[in-house]
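In: Got a predicted structure here, sequence first:
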Amino acid sequence: MAIVAKLVTRHICTLCHRGFSKASRAKAHEGFCNRDPANRSCMTCGLFERADSASWDDAYPGCPASCGAGIELTLPMPRNCQSWEAQ
């Protein structure tokens, strides 16, 4: 059995660094990326109080992450929030 090197193209989101095998999936991701300020999600909000752990997924559930506007944080993370403020 021989080991063969293979070049694979990945399409990477420049905001969250998530990779996709198809450009169409990467393009669709733009509308949902929690790191894109245009989506007005918690991750880009000035009212978002981050948890002490490394990431949102590590911190949930029961984490100290919270919203300064009093909105309950759920998964999937809320988008297009009326209380969103720029950081």
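Out: Structure received.
In: By mean pLDDT, which helix or strand of this structure comes out lowest?
Out: Least confident helix or strand of the chain, by mean pLDDT, DSSP states H and E, is helix 56-59 with a mean of 52.
In: Show the subsequent helix or strand relative to it.
Out: Going down the chain from helix 56-59, the next helix or strand is strand 66-67, by DSSP states H and E.
In: List of residues touching that next one?
Out: With contacts defined as Cβ atoms under 8 Å, 6 or more residues apart in numbering, strand 66-67 is touched by Cys42, Cys45, Leu47, Phe48, Glu49, Leu73, Ser83. Glycine gets a C-beta too; all of them are placed from N, C-alpha and C.
In: What subset of these is buried?
Out: Cys42, Cys45, Leu47, Phe48, Leu73 (16 or more other Cβ atoms under 10 Å).
In: Could you export the longest helix seen in the chain as PDB, CA atoms only?
Out: Counting residues, the longest helix found in the chain (DSSP state H) is helix 23-29. Below are the C-alpha coordinates for helix 23-29, written out as PDB (Å, rounded to 0.1, in the frame of the first residue of the first chain):
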ATOM      1  CA  ALA A  23     -17.900  27.400  -2.800                       C
ATOM      2  CA  SER A  24     -21.700  27.500  -2.800                       C
ATOM      3  CA  ARG A  25     -21.800  26.200   0.800                       C
ATOM      4  CA  ALA A  26     -19.300  28.800   1.800                       C
ATOM      5  CA  LYS A  27     -21.400  31.500   0.100                       C
ATOM      6  CA  ALA A  28     -24.500  30.300   1.900                       C
ATOM      7  CA  HIS A  29     -22.700  30.400   5.200                       C
END
